[in-house]
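[1] When you get a sec, could you give me coordinates for this:
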Amino acid sequence: MTGIVPQSLSQSQCRELAERIRAWAGELGFQGVGISPADVGEHADHLDRWLDTGSHGDMQWMRDRAPLRRDPSLLVPGVQRIISLRMDYLPPDSGDPWRILADPARAYVSRYALGRDYHKLLRRRIQQLARRIEAEIGPFGYRAFTDSAPILEKGLAEQAGLGWIGKHTNLLAREAGSWFFLGELFTDLPLPVDDRVEAHCGNCTACLDICPTRAFRGPYDLDARRCISYLTIEHHGAIPEPLRPLMGNRIYGCDDCQLVCPWNRFAEVSVEPDFAARHGLDSPSLVELFDWDESSFLDRTAGMAIRRIGHERWLRNIAVALGNGPASAEALAALGRRSEHPSPLVREHVEWALQRLTGTTPAPGE
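    You can find the predicted model right below:
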């Protein structure tokens with residue numbers, strides 16, 4: 001098909017091209033490919049309802065750029081089809097999540113963030129896919145994304161048949177669970193679209209029931225303001241005091257709703273070396289991480305998603321986790337070393353943790 005003008009592709013040529021795209025994506029390390037119209041369907045109304053409740057918290061950019069999420073053609077004029085791609089990320093040879101969560105002296109980091117920042121890796125692979133298509137048919141219109149623009153990527157992936165949105169608002173696939181990243185290639189190609197798949201959550205509410213902070217108001221309804229992932233990553237200010245004791249030792253993100261999901265028994269360990277855990281962050285000591293100065297933090301998180309929160313919020317999060325842990329001499333000493341930190345945000349959370357460990361603040365439920 002080399003040299004064919006995209007708009008003149010016949011239906012049979014489009015079907016052939018779609019199959020080649022799937023094969024090329026597999027060669028580039030993607031485990032799933034789906035094609036959808038440039039239409040988010042009912043997900044636009046869901047977004048509006050979610051924003052109207054204020055569930056986005058401090059993420060004002062979600063409201064400001066909501067029109068682009070509702071209508072992909074505003075983001076990429078002329079888009080006809082969106083190719084959604086899935087890449088599994090569950091790190092190989094990483095510490096057992098349940099064991100780490102049960103050890104209050106250790107820090108839990110969301111499994112997606114243990115290795116290299118996925119943004120650059122996925123986007124580069126999607127760009128490579130676009131070049132393969134271009135080599136086959138000639139120049140065409142496209143843009144590659146991976147969590148890098150205002151896109152309802154889970155909604156588009158559901159439209160493309162890659163899975164269904166579970167009650168925990170993550171995309172689920174029968175053959176892969178939910179431990180995967182998503183990326184998109186917006187194109188002006190008239191490719192055949194894939195069928196949506198049925199939802200298979202049934203009566204299960206395990207993900208809703210396990211949430212430490214009760215962030216779910218009900219199925220498919222997540223209040224980000226109570227979500228540990230939001231509080232530890234997106235939220236810039238002080239973590240609300242009533243929620244701190246509920247966060248346990250989770251210092252960057254939270255995986256509980258995924259860990260308990262029955263469909264994740266089908267999840268595959270990632271084959272990408274870049275997603276392997278770095279610097280022992282799959283099962284680290286809280287005290288050890290709290291002692292990282294800013295230079296150490298920047299050096300050891302280089303190329304990782306964790307770096308985006310900065311050293312100040314890193315210390316804020318760990319201070320809360322230390323306050324939820326044992327009142328060991330090591331924990332008290334580590335907090336004491338940060339008690340006069342130049343950041344008021346850090347000092348506030350250190351003081352709270354010290355009060356918790358020394359018994360000057362009542363424990364939850366007392």
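[2] got the residue ranges for the helices in the stretch 51-200 of the chain?
    Ranges of helices in the stretch 51-200 of the chain, per DSSP state H, counting those that start in this stretch, are 60-64, 66-70, 72-75, 97-101, 118-137, 153-159.
[3] What segments of the stretch 251-366 of the chain are helices?
    All helices of the stretch 251-366 of the chain, identified by DSSP H, counting those that start in this stretch, fall at 256-259, 286-290, 294-300, 310-323, 329-337, 344-358.
[4] Rebuild those helices as JSON lines, extending it with mean pLDDT.
    As requested, the helices of the stretch 251-366 of the chain are arranged in JSON lines below (pLDDT from 0 to 100):
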{"stretch": "helix 256-259", "mean pLDDT": "98"}
{"stretch": "helix 286-290", "mean pLDDT": "98"}
{"stretch": "helix 294-300", "mean pLDDT": "97"}
{"stretch": "helix 310-323", "mean pLDDT": "98"}
{"stretch": "helix 329-337", "mean pLDDT": "98"}
{"stretch": "helix 344-358", "mean pLDDT": "98"}
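[5] Give me the neighbour count for the residue lying closest to Lys154 once chain neighbours are set aside.
    Sequence neighbours aside, Leu171 is the residue nearest to Lys154 in space, at 4.8 Å (criterion: Cβ to Cβ, 6 or more residues apart in numbering). Any C-beta I mention is one placed from the backbone N, CA and C, and that applies to glycine too. Around Leu171 there are 23 other residues, counting by other Cβ atoms under 10 Å.
[6] of the helices of the stretch 251-366 of the chain, which approaches Pro150 most closely?
    helix 310-323 (23.0 Å; Cβ to Cβ).
[7] List the buried residues in that closest one.
    For helix 310-323, burial by neighbour count (16 or more other Cβ atoms under 10 Å) applies to 311-323.
[8] which other helices and strands contact it?
    Contact here means 3 or more Cβ pairs under 8 Å, 6 or more residues apart in numbering; DSSP states H and E; on that basis helix 310-323 packs against strand 250-252, helix 286-290, helix 294-300, helix 329-337, helix 344-358.
[9] highest average neighbour count across the ones you listed?
    strand 250-252 (a mean of 28; mean count of other Cβ atoms under 10 Å).
[10] For it, name the packing helices and strands.
    strand 108-109, helix 310-323.
[11] Tell me the helices and strands packed up against the shortest one.
    Other elements packing on strand 108-109 under the criterion 3+ Cβ pairs under 8 Å, 6+ apart are helix 97-101, strand 250-252.
[12] And the contacts of it?
    97, 100-101, 248-255, 281-282, 284, 306 (Cβ atoms under 8 Å, 6 or more residues apart in numbering).
[13] run the last query once more with 7 Å
    The contact list for strand 108-109 (Cβ atoms under 7 Å, 6 or more residues apart in numbering) reads Ile100, Leu101, Asn249, Arg250, Ile251, Tyr252, Gly253, Leu281.
[14] Kindly report the same for the last one.
    Counting by Cβ under 7 Å, 6+ apart, the neighbours of helix 310-323 from elsewhere in the structure are 107, 232, 239, 244, 247, 249, 251-252, 286, 289-290, 294, 297, 331, 334-335, 338, 341, 343, 345-346, 349-350, 352-353, 356-357.
[15] Leaving out chain neighbours, which residue sits closest to Pro262?
    Cys204 (6.6 Å).
[16] hang on, the earlier thing: any chance of a markdown table for the helices and strands packed on strand 250-252, columns distance to Arg125?
    Putting those into a markdown table (distance: least, Cβ to Cβ, whole Å) gives the following:
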| stretch | distance to Arg125 |
| --- | --- |
| strand 108-109 | 24 |
| helix 310-323 | 28 |
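[17] For Ile133, find the nearest of these.
    Of all those, strand 108-109 comes closest under Cβ to Cβ, at 36.2 Å.
[18] Quick check: beta-bridge partners of the residue nearest to Lys154?
    Bridge pairing for Leu171 (DSSP bridges) gives the partners Ile165.
[19] wait, doesn't it sit right on Gln159?
    No. Contact between Leu171 and Gln159 fails when scored by Cβ atoms under 7 Å: they sit 11.0 Å apart.
[20] Could you export the lowest-mean-pLDDT helix or strand in the chain as CSV, CA atoms only?
    In the chain, no helix or strand scores lower on mean pLDDT, DSSP states H and E than helix 60-64, which sits at a mean of 87. Extracted in CSV, the C-alpha atoms of helix 60-64 (Å, rounded to 0.1, in the frame of the first residue of the first chain):
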residue,chain,number,x,y,z
GLN,A,60,-8.5,23.2,38.2
TRP,A,61,-6.9,22.3,34.9
MET,A,62,-9.4,19.5,34.5
ARG,A,63,-12.3,21.9,34.5
ASP,A,64,-10.4,24.5,32.4
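[21] quick one: pLDDT of the residue most central in space within the chain?
    The centre of the chain sits closest to Tyr112, judged by Cα atoms, centre = their mean, with a distance of 6.8 Å. Among the per-residue scores, Tyr112 holds a pLDDT of 97.
[22] For Arg300, give me its contacts.
    Counting by Cβ under 7 Å, 6+ apart, Arg300 has contacts His279, Trp292.
[23] Apply 8 Å and report the result again.
    Shown in contact with Arg300 (Cβ under 8 Å, 6+ apart): Arg278, His279, Trp292.
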